[in-house]
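Colleague: pasting the structure only:
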Ligand code: 48F
């Protein structure tokens, strides 16, 4: 019966996919642009990487451009990444390029999955696995379960490295610091909180702040700005792309170097 086989095809391959991803090299929390870029380069390097986003459509804040004008801006320094993802672009002035935000977001997602990363949508990461003072994996649950406030326990996924790519809220860094009484690699040892907008400083600092913030836990994108207390930068995306590439390179060096 085709009706039954449609269901069986989905169920059996989905559970295979989930089971294959219970032991990861890298778990990426959040499917924003920085995390997706990281997923692509990590998968391309042959690492086993899965990305978890709480929404139905991963892509974070990239789909909407700025104020729903669905264009984004990228500066010259990050254009090599735009080219790696085969995204069409237009030169706008000396150092700035513009591209369609829908094409850009879908290209990032397509290339990451095509390179071998697995993206789990509708998954919320509600905690990390914290063993021997090292972040060692993620604790996941269905987003609708959490939204409904249902008392349902989560599942555990082991990972050699976890990336916090949760954007402005830097949820994993906040959770690890709050629950385990540890100090993060920031000036105060805590999540400092992002500062008001400054494009040049924000773009530079988001890349500087992309690092291992606690053993086993890396941070990229707006989460890196929030944790280290550096400025937001608005709808210019070069820093996000460069941050995703940087966190991938750090982990590739560590696991394969
Ligand atoms: O915020 P977001 O787009 O991440 P990003 O890579 O990029 C920031 C830019 O979009 C923009 C900007 C550009 O200059 O400032 O804001 O830092 O996406 C974060 C994603 O993480 C998901 C959330 O649904 C979003 O898609 N997310 C957040 N917390 C969790 C999560 C969680 N606990 N579990 C799963 N997904």
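Modeller: Thanks, I have it. This one's a predicted model, so the numbers in the text were calculated from it and none came from an experiment.
Colleague: going by C-alpha atoms from here, please, whenever you check contacts or count neighbours.
Modeller: Noted.
Colleague: quick one: the strands in this structure?
Modeller: In the chain, the segments counted as strands under DSSP state E are 23-29, 49-53, 71-75, 90-93, 96-100, 118-121, 123-131, 134-142, 155-164, 211-214, 217-219.
Colleague: show me the one of the ones you listed that comes nearest residue 16.
Modeller: strand 118-121 (12.0 Å; C-alpha to C-alpha).
Colleague: partners of that closest one, with directions?
Modeller: When pairing is defined by DSSP bridges, strand 118-121 lines up against strand 49-53 (parallel).
Colleague: what about stretch 69-77 and the ligand, any contact?
Modeller: No. Using C-alpha under 6 Å from any ligand atom, stretch 69-77 stays clear of the ligand, coming no nearer than 9.1 Å.
Colleague: quick one: low-confidence parts of this protein?
Modeller: The model of the chain has no residue with pLDDT under 70.
Colleague: in it, which residue is most central in space?
Modeller: residue 35 (2.4 Å; C-alpha atoms, centre = their mean).
Colleague: what parts of the stretch 151-257 of the chain come near the ligand?
Modeller: 165-168, 171, 221-223, 233-237, 240.
Colleague: and the residue nearest to the centre of the chain, what does it touch?
Modeller: By C-alpha atoms under 8 Å, 6 or more residues apart in numbering, the contact list for residue 35 reads 28-29, 51, 163, 165, 220-221, 244.
Colleague: how near is it to residue 236?
Modeller: 16 Å (C-alpha to C-alpha, to the nearest Å).
Colleague: residue 100 pairs with what?
Modeller: residue 71.
Colleague: quick check: it vs residue 68, distance?
Modeller: Taking C-alpha to C-alpha, one finds residue 100 at 12 Å from residue 68.
Colleague: with residue 242 instead?
Modeller: Distance from residue 242 to residue 68, by C-alpha to C-alpha: 23 Å.
Colleague: neighbour count winner among these two?
Modeller: Taking other C-alpha atoms under 10 Å, residue 242 and residue 68 do not tie; residue 242 has more neighbours (26 against 10).
Colleague: who are the neighbours in contact with that one?
Modeller: Shown in contact with residue 242 (C-alpha under 8 Å, 6+ apart): 34, 78, 81, 207.
Colleague: who touches residue 143 in this structure?
Modeller: 54-55, 122-124.
Colleague: and the two most separated of those?
Modeller: 55 and 124 (8.1 Å).
Colleague: the more surrounded of those two?
Modeller: residue 124 (24 against 18).
Colleague: please give me every residue in contact with that one.
Modeller: Residue 124 neighbours (C-alpha under 8 Å, 6+ apart): 52-54, 140-143, 146.
Colleague: now which of the residues you listed would you call buried?
Modeller: Burial by neighbour count, 16 or more other C-alpha atoms under 10 Å: within these this picks out 52-54, 140-143.
Colleague: make TSV from those and add distance to residue 108 to it.
Modeller: Formatted as TSV, these follow (distance: C-alpha to C-alpha, whole Å):
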residue	distance to residue 108
52	15
53	14
54	18
140	23
141	25
142	24
143	23
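Colleague: between the residues you listed, which is closest to residue 61?
Modeller: The nearest one, if we look at those relative to residue 61 and count by C-alpha to C-alpha, is residue 53, at 12.3 Å.
Colleague: so how far is the ligand from the closest one?
Modeller: 4 Å (C-alpha to the nearest ligand atom, to the nearest Å).
Colleague: picking up where we left off before, out of the contacts of residue 35, who's the most crowded?
Modeller: Going by other C-alpha under 10 Å, residue 220 tops these with 39 neighbours.
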